[in-house]
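>>> compute the structure for the input listed below.
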Amino acid sequence: MSTAVETEKICSACGRLLPVRLFRFRCRATGLRHNECLRCTNDRRNHRLAQVRHRDLNEVWQDVNRNGSLKRYRRVEALATAAIARFGGLDRLVRLWREVTEQAHEQGKPHVAVRSLEALGHLLTVAAKSQEAAAQEAREELARMSDEELHEVELRAVRLAIQEQPELAVAAAVELGWTVIPPEDADDNRTDDA
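Numbers count the residues shown, from 1 in each chain. Below is the predicted model of the structure:
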């Protein structure tokens with residue numbers, strides 16, 4: 001009994017007749033393939049992910065809105081902080097907002113896109129103000145410190161910078177005309193001198 005090898009298949013989602021290579025394998029061993037083409041499968045997955053993202057954004061907004069005692073600015077600040085934390089940072093949040101805006105344009109809803117961009121701009125403004133407020137608070141805290149406390153903070157900052165980028169210490173030493181001895185060699189010299 002001979003089996004005919006399929007070269008084309010009709011997609012159950014879009015109804016197009018396509019080469020069989022444009023369908024995912026259901027089982028490689030038997031050669032069975034899914035009924036939806038790759039494009040339709042990807043479109044469905046992207047649509048589902050977009051719905052999840054929209055739901056997540058709405059949940060963040062509802063979480064912030066539940067606290068009715070917050071004033072408008074505080075609500076926006078809380079929303080910005082919650083959204084940035086929930087979506088893994090400001091860059092990811094901006095990318096998500098861009099996707100939402102593009103989808104709104106594609107669906108013929110430019111007013112949604114405009115409101116979305118306005119909201120994002122407001123969130124970014126609030127985030128910048130929050131960062132400036134934190135920086136101002138840090139400056140005020142430094143102003144209240146004694147000389148010894150400032151010296152200790154300075155030493156910790158230098159140690160941290162050197163730990164993160166040891167080449168900075170070497171570059172500074174060379175700039176000052178000092179001889180740089182790597183830590184392994186420094187230990188060997190100390191044992192010889194002792």
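
>>> any idea how far Asp147 lies from Val158?
Plainly put, Asp147 is 16 Å away from Val158 if you go by Cβ to Cβ, to the nearest Å. Heads up, the C-betas are built off the backbone N, CA and C, glycines and all.

>>> could you tell me whether His34 really is in a strand?
Yes - under DSSP: H, G, I helix; E, B strand; the rest coil, His34 falls within a strand.

>>> isn't it right next to Val20, touching?
No - using Cβ atoms under 8 Å, His34 is not in contact with Val20, being 10.8 Å away.

>>> more neighbours, Asp147 and Val158?
Using other Cβ atoms under 10 Å, the more surrounded residue of Asp147 and Val158 is Val158, with 13 against 7.

>>> avg pLDDT for stretch 52-63?
For stretch 52-63, the mean pLDDT works out to 70.

>>> chain center to stretch 28-39: distance?
Centroid separation between stretch 28-39 and its chain, computed with Cα atoms, centre = their mean, to the nearest Å, is 34 Å.

>>> any idea how far apart the tips of it sit?
In stretch 28-39, first residue to last residue: 20 Å (Cα to Cα, to the nearest Å).

>>> next, the buried residues of it.
Buried residues in stretch 28-39, counted by 16 or more other Cβ atoms under 10 Å: 33, 36-37.

>>> closest one to Arg86 out of those, please.
Relative to Arg86, the closest of the buried residues of stretch 28-39 is Glu36; by Cβ to Cβ it sits at 31.6 Å.

>>> now for the nearest residue to that closest one once chain neighbours are set aside: which residues touch it?
By the measure of Cβ to Cβ, 6 or more residues apart in numbering, the closest residue to Glu36 outside its immediate chain neighbours is Ala13, 4.8 Å from it. Residues in contact with Ala13 (Cβ atoms under 8 Å, 6 or more residues apart in numbering) are 35-37, 40, 44.

>>> against Pro19, how distant is Ala13?
Here the criterion is Cβ to Cβ. By it, Ala13 lies 16 Å from Pro19.

>>> what does His111 give?
According to Cβ to Cβ, His111 stands 41 Å off from Pro19.

>>> so for those two, which residue has more residues nearby?
Per other Cβ under 10 Å, whichever of His111 and Pro19 has more neighbours is Pro19, with 11 against 8.
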